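**Student:** next one to model:
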Amino acid sequence: PGGRFQHAVQVAARGDVLPAPSITRKRIDRYVTQPLGTAPNAGPAELTGWERETVALVARGLSDDEIADRMVISPMTARTHTNRATTKLRACDRTRLADDAHESGLGTSLG
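**Tutor:** Residues are numbered from 1 along each chain as shown. Next comes the predicted model:
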């Protein structure tokens, strides 16, 4: 048990997100059941620059308030960008949006 806790602390110290085991199971189930070569979403090409930046920050685990601070916009505008990106990418929730961002490379686009 101590090793897992220490790993979680190291992950958090790096600023990475450590998802709950139930979320990890859902992700694995999705990948296992999805046929090879199929994509569940529309793709990042449909996103505006603001939406791309928002999705990249969501993928890093930032809340809408944190995204607003980082992008120097209002929290409502951050939520709007998040919601529009979620709709455009056909993600069912924020976790799926973050997953899709990592799959497409958007999750690392801010350097």
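**Student:** so where is this protein shaky, pLDDT-wise?
**Tutor:** When the per-residue scores of the chain are filtered using pLDDT under 70, the ranges that remain are 1-20, 23-24, 27-44, 107-111.
**Student:** which stretches of it form helices?
**Tutor:** Counting by DSSP state H, one finds helices in the chain at the ranges 2-13, 21-33, 49-59, 64-71, 75-88, 94-104.
**Student:** only alpha carbons, please: show the third one as PDB.
**Tutor:** Backbone C-alpha positions of helix 49-59 (Å, rounded to 0.1, in the frame of the first residue of the first chain) are rendered in PDB as follows:
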ATOM      1  CA  GLY A  49      -7.500  27.900 -31.500                       C
ATOM      2  CA  TRP A  50      -9.200  28.800 -28.300                       C
ATOM      3  CA  GLU A  51     -10.900  25.400 -28.100                       C
ATOM      4  CA  ARG A  52      -7.600  23.600 -28.900                       C
ATOM      5  CA  GLU A  53      -5.900  25.400 -26.000                       C
ATOM      6  CA  THR A  54      -8.800  24.700 -23.700                       C
ATOM      7  CA  VAL A  55      -8.800  21.000 -24.500                       C
ATOM      8  CA  ALA A  56      -5.100  20.800 -24.000                       C
ATOM      9  CA  LEU A  57      -5.600  22.400 -20.500                       C
ATOM     10  CA  VAL A  58      -8.500  20.000 -19.700                       C
ATOM     11  CA  ALA A  59      -6.200  17.100 -20.700                       C
END
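**Student:** list the buried residues of it.
**Tutor:** Neighbour-count burial for helix 49-59, counted by 16 or more other CB atoms under 10 Å, picks out 50, 51, 52, 53, 54, 55, 56, 57, 58, 59. Every C-beta, even on glycine, is put in place using the N, C-alpha and C of the backbone.
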